[in-house]
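Undergrad: From the sequence below, what's the structure:
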Amino acid sequence: MEGAETFFVGTDTQGVCVRCASGSGRARPGHRTEGGVSGVRTQDPGSHGSGIWKSGAMSDAVRVWVNGAITEEGRPALAALDHGITVGDGAFETCKIVSGEVFAADRHLARMDRTLTGLGLPTADRAFLQQGVDEVLAHGETIGFGRLRYTITGGPGPLGSDRGDSGMSYIVTAAEVPGPAPSTAVATVPWTRNERAATAGLKTTSYADNVIALARAKERGGTEAIFANTRGELCEGTGSNIFVVVDGVLRTPPLDSGCLAGITRELTIEFARDAGIEVLEEALPFTVLETAEEAFLTSSTRDVQPIHAVDGRELTAPGPVTARVQEAFAQGSAVSMNP
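TA: Model prediction:
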């Protein structure tokens with residue numbers, strides 16, 4: 001069900017870990033086997049964007065695995081006091097699924113560990129996480145093109161910023177999604193990324209800024225919002241990196257701009273340079289979007305997506321440089337699913 005997400009809400013208000021009856025044999029915090037509700041939330045055109053609840057089989061929406069087991073109808077999954085819920089204390093990765101396989105799996109795992117370390121949390125239990133990935137991919141028909149997301153939170157904790165000591169929570173989801181459009185429009189927003197923030201460059205679950213910015217961009221006809229940083233430099237999108245062509249040369253903000261070290265960004269730079277395309281990582285004024293000859297976004301489910309409009313200003317999409325980069329990315333990613 002496109003645009004739907006399966007939700008499971010537990011009744012454990014004490015953050016107690018109870019071993020899942022059908023789990024891996026390992027106790028995980030916040031996982032219970034009784035109580036709670038489940039369902040599918042979809043967008044109702046008459047509900048002004050609010051979620052409405054409908055019961056539905058998980059195979060119709062998002063496949064969900066939490067703390068050791070696929071979460072079935074009627075089974076709650078996460079403690080109400082999990083730190084990922086109460087304060088957004090967690091890390092996540094979004095990966096592309098192609099024909100049932102995860103693209104660039106090792107790079108995503110490495111970035112997950114960098115984010116967890118940056119948050120002061122232990123690195124991931126990769127064997128346990130891989131169990132979740134394997135189970136959601138096997139739970140139903142092969143996903144031709146889709147999104148795999150895995151999240152690791154600080155686990156159950158107190159009502160505040162202090163962490164508990166019950167261990168981390170692991171969540172893996174997968175769903176089929178439409179492929180990217182041939183090009184897209186973006187809109188700039190007045191809010192900034194803080195390149196000096198404690199979480200700068202980390203892929204955390206604290207996404208409220210992105211929710212607000214993306215809603216603003218969609219009101220203005222874009223599918224992505226573009227941020228500056230506090231220095232007035234071009235930074236990134238809510239869930240993507242951005243490249244521009246100026247004077248015929250491909251340029252993108254450096255990591256010290258505060259942007260995320262995107263996996264697709266990284267591969268795009270590598271594949272482009274391998275193809276003989278010059279790529280500069282340099283500080284760029286936010287106003288570069290007013291004059292750039294070409295621009296494109298990169299992300300796990302967009303790959304290299306040309307931008308045909310920035311704040312209503314039309315661009316050729318793809319322009320000649322972008323087309324070369326798209327070709328280089330397609331050729332490079334075809335060599336291996338785990339580049």
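Undergrad: tell me which residues of stretch 331-339 are tucked away?
TA: Neighbour-count burial for stretch 331-339 flags 332-333, 339 (criterion: 16 or more other Cβ atoms under 10 Å). (C-beta placed from N, C-alpha, C; glycine too.)
Undergrad: Stretch 174-183 too?
TA: Buried residues in stretch 174-183 (16+ other Cβ under 10 Å): 174-176, 180, 183.
Undergrad: same deal with stretch 246-264?
TA: Neighbour-count burial for stretch 246-264, counted by 16+ other Cβ under 10 Å, picks out 246, 250-253, 255, 257-260, 262-264.
Undergrad: can you check stretch 194-203 too?
TA: 195, 200-203.
Undergrad: swap in stretch 101-116?
TA: 102-105, 107-109, 111-116.
Undergrad: Now compare those residues and name the two farthest from each other.
TA: Among the buried residues of stretch 101-116, the pair separated by the greatest distance (Cβ to Cβ) is Phe103 and Leu116, at 21.3 Å.
Undergrad: tell me, what residue is most central in this structure?
TA: Centroid check for the chain by Cα atoms, centre = their mean gives Thr94 as the closest residue, at 4.0 Å.
Undergrad: Can you read off the pLDDT for that residue?
TA: We have a pLDDT of 98 for Thr94.
Undergrad: And the contacts of the strand or helix carrying Cys235?
TA: Per DSSP states H and E: Cys235 is located in strand 234-237. Here strand 234-237 makes contact (Cβ atoms under 8 Å, 6 or more residues apart in numbering) with 186, 192-193, 195, 224-229, 242, 244, 253, 257-260, 262, 284-286, 288-289, 297, 299.
Undergrad: how much distance is there from it to the middle of the chain?
TA: When C-alpha coordinates are averaged (Cα atoms, centre = their mean, to the nearest Å), strand 234-237 and its chain have centres 15 Å apart.
Undergrad: Neighbouring strands - and their directions - for it?
TA: Paired with strand 234-237 in the same sheet, following DSSP bridges, are strand 224-229 (antiparallel).
Undergrad: Ramachandran angles for Val325?
TA: Phi and psi for Val325, reported as degrees, to the nearest 10, are phi -70, psi -40.
Undergrad: what does Glu270 give?
TA: Dihedral angles of Glu270 (phi, psi; degrees, to the nearest 10) stand at phi -60, psi -50.
Undergrad: Name the nearest residue to it, sequence neighbours excluded.
TA: Leaving out its chain neighbours, the residue that sits closest to Glu270 by Cβ to Cβ, 6 or more residues apart in numbering is Gly332, at 7.2 Å.
Undergrad: Ala200 now?
TA: Nearest one to Ala200, counting by Cβ to Cβ, 6+ apart, is Gly258 at 4.7 Å.
Undergrad: list the contacts for the one you found?
TA: Counted by Cβ under 8 Å, 6+ apart, Gly258 has contacts 193-197, 200-201, 229, 235-236.
Undergrad: So for it, what's the pLDDT?
TA: 98.
Undergrad: cool, and the one 3 residues further on?
TA: As summarised for this prediction, Ala261 has a pLDDT of 98.
Undergrad: I'd assumed Pro253 was in contact with it.
TA: No. Ala261 is beyond contact range of Pro253, at 11.2 Å (criterion: Cβ atoms under 8 Å).
Undergrad: what about this structure, any weak spots by pLDDT?
TA: 1-60, 73-75 (pLDDT under 70).
Undergrad: for it, what spans make up the helices?
TA: 83-86, 105-118, 126-138, 208-219, 263-274, 320-335 (DSSP state H).
Undergrad: Look up the closest residue to the residue located most distally from the centre of the chain, ignoring the ones flanking it.
TA: Distance to the chain centre peaks in the chain at Asp247, reaching 31.8 Å (criterion: Cα atoms, centre = their mean). Take Asp247 and drop its neighbours on the chain: the residue closest to it by Cβ to Cβ, 6+ apart is Glu293, 7.9 Å away.
Undergrad: Would you report the backbone torsion angles of the one you found?
TA: Main-chain dihedrals, Glu293, degrees, to the nearest 10: phi -80, psi -40.
Undergrad: residues contacting Thr298?
TA: By Cβ under 8 Å, 6+ apart, the residues touching Thr298 are 240-243, 262, 264-265, 268, 304-305.
Undergrad: ok, how many other residues are close to Thr117?
TA: 13 (other Cβ atoms under 10 Å).
Undergrad: about what we covered before: return the subset of the contacts of strand 234-237 lying in strands.
TA: Judged by DSSP state E, strands contain the following of those: 186, 192-193, 224-229, 242, 244, 297, 299.
Undergrad: Could you dump these into CSV and include neighbour count and distance to Gly276?
TA: Shown next, in CSV, are the ones in strands among the contacts of strand 234-237 (neighbours: other Cβ atoms under 10 Å; distance: Cβ to Cβ, whole Å):
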residue, neighbour count, distance to Gly276
Val186, 26, 28
Thr192, 17, 35
Arg193, 23, 32
Glu224, 23, 29
Ala225, 25, 33
Ile226, 25, 28
Phe227, 25, 31
Ala228, 24, 31
Asn229, 23, 31
Ile242, 28, 22
Val244, 24, 19
Leu297, 27, 23
Ser299, 23, 24
